[in-house]
Structure formats: structure tokens, C-alpha cells
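J.: the following comprises the amino acid sequence and a computationally predicted model.
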Amino acid sequence: MSADFTVNADFATYHAIERVVLTERGARDTARWDVMAEQFHPDSVVDISWIRTSGPEFVRLSRASFEAGGRGAHVLGPVLIDVNGDRATADAAAVITGQAVLGGVPITLTAYGRVVERLERRAGRWRISELRCVYEFDQLTPNDPDQPVGLNPERLARYRPSYSALSYWVEETRGTDAVRDDLPGVDRPETVDALYAANAAWLAAAVHPSEPEGDS
């Protein structure tokens with residue numbers, strides 16, 4: 001990413017963007033649904049392993065999952081931020097864990113990857129306009145080692161290696177049609193390159209507050 005995008009961004013801007021990224025994930029883990037919703041623009045997009053929807057609908061579905069007993073935790077690394085005018089991209093390494101029951105066995109699902117976001121400042125407030133993930137690898141483990149999960153190896157082999165455990169869980173809970181084959185993952189580097197290239201182009205196209213939109 002070109003340093004030109006960040007030269008005019010001050011510390012307060014970086015802090016505001018980082019706070020949005022961390023607050024959204026933290027609010028989801030702690031069931032603060034109103035706080036989580038405040039981090040998304042109404043027309044935002046969330047495109048991850050189990051859903052493609054708007055930010056507000058993602059909050060609603062996250063709440064429904066929590067109220068049904070689903071629990072998760074997100075641990076983020078340093079947030080890498082690039083800013084151009086009223087647009088920004090944020091990128092953070094992430095470990096995502098969730099508690100679930102699979103085949104009657106309590107399990108922990110752990111996924112490793114990166115949370116990749118677009119953010120926009122509208123009416124003076126930074127919020128998320130797109131949230132996606134880059135998937136690296138994942139695993140399913142029984143909470144009790146004496147209770148094997150008993151995964152179907154043929155099913156597991158059908159899934160993308162970068163998020164095979166997530167795909168297994170999605171198919172188990174949401175059906176075969178819900179399993180995604182098109183997400184950015186390190187097993188298909190071109191999908192990761194495409195995501196970052198699209199974000200860089202989107203960031204470069206930002207209109208600065210002092211610039212007119214469109215032709216004069």
C-alpha cells in the first residue's frame with residue numbers, strides 16, 4: 001500500500017478507526033448488540049464463511065446465535081490501517097474460537113486468518129462499510145478428549161483446506177448449499193490477491209473532502 005494514502009492522517013484518525021475495528025469484535029463477543037450495530041453503516045456488507053448479508057442483519061443473526069447458546073471469542077493482532085480521505089482499510093490477524101455441539105459432542109472450533117475491512121467516514125463518524133476475512137487454517141477439537149468428534153473424512157476432504165472445519169460446521173448447521181467455495185484463502189492465493197487489489201483500488205478512488213465529486 002502506498003504511503004501517500006497515510007501521509008495526511010493524524011493519530012486521532014488512526015485511533016478512531018482502530019477503535020471501530022476492535023469495538024465491533026469485542027461487542028459481538030460480549031453481547032453488546034447496540035454497540036456492535038453502531039460500528040456498521042446501514043448499507044455495509046459482511047461476507048464471511050457462514051453468511052453474506054448487511055452489517056445490521058449480521059448483528060441480528062449474531063444475536064440470534066448467541067441467544068440460541070452459541071459462544072465465540074475473537075483475538076486480534078495489531079490493526080494495520082491505510083487512510084485516504086474519508087476512506088480507510090483495516091487488516092488484522094485473528095484467532096476466532098467458538099463453542100458448539102457437533103454430532104452430540106461439545107466441540108471448540110478455532111479458525112486462523114485475517115479480518116479485512118473497509119471503513120468510511122460519513123457525517124464525521126467512522127464506521128465499517130465492508131467486513132471480510134482471509135482464511136488460513138482451522139481445526140475442530142472435542143472439549144472432552146475422551147469424546148471423539150467422529151468427523152466424516154470424505155465430507156472433510158471436499159472442503160477448502162483453508163477453512164475446512166468451518167465448512168464442516170456450516171454444512172452441519174446450515175445445510176450443504178450454505179457452504180462457500182469462493183472465499184479468500186491461502187490455499188488459493190489469487191483469491192487473497194484479488195481482495196487486497198480491490199481494496200487498494202477502492203481506497204485510491206476516495207474523494208477528499210476538499211475535492212468535488214464528479215466532473216465540474
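T.: Nice, I can see it. Please read these numbers as outputs of a predicted model, since none were measured by experiment.

J.: was I right to think Ser44 contacts Glu57?
T.: No - with contact defined as C-beta atoms under 8 Å, Ser44 does not count as touching Glu57 (9.7 Å). The way it works is simple: take the backbone N, C-alpha and C, and place the C-beta from them, glycine included.

J.: which non-adjacent residue is nearest Pro161?
T.: The shortest distance from Pro161 to any non-neighbouring residue, by C-beta to C-beta, 6 or more residues apart in numbering, is to Asp187 (4.6 Å).

J.: contact partners for that neighbour?
T.: Taking C-beta atoms under 8 Å, 6 or more residues apart in numbering, we find Asp187 in contact with Arg160, Pro161, Ser162.

J.: let's go with 10 Å and repeat that
T.: Tyr135, Glu136, Phe137, Arg160, Pro161, Ser162, Tyr163, Ser164 (C-beta atoms under 10 Å, 6 or more residues apart in numbering).

J.: of those residues, which is the nearest to Gly85?
T.: Gly85 has its nearest neighbour among those in Tyr135, at 30.1 Å by C-beta to C-beta.

J.: next structured bit after the helix or strand hosting the closest one?
T.: Using DSSP states H and E, Tyr135 maps to strand 125-142. Once strand 125-142 ends, the next helix or strand along the chain (criterion: DSSP H and E) is helix 153-158.

J.: list the helices and strands that following helix packs on?
T.: Of the remaining helices and strands, those touching helix 153-158 by 3 or more C-beta pairs under 10 Å, 6 or more residues apart in numbering; DSSP states H and E are helix 164-174.

J.: please, where are all the helices along this structure?
T.: Applying DSSP state H to the chain gives helices spanning 11-29, 33-38, 55-67, 153-158, 164-174, 189-204.

J.: out of those helices, which is closest to Trp126?
T.: Checking the helices of the chain against Trp126 by C-beta to C-beta gives helix 11-29 as the closest, at 5.1 Å.

J.: tell me which residues of the closest one come out buried.
T.: Within helix 11-29, the residues that count as buried by 16 or more other C-beta atoms under 10 Å are 13-14, 16-18, 20-22, 24-29.

J.: can you check stretch 93-105 too?
T.: For stretch 93-105, the neighbour count (16+ other C-beta under 10 Å) marks Ala93, Ala94, Ile96, Gly98, Ala100, Leu102 as buried.
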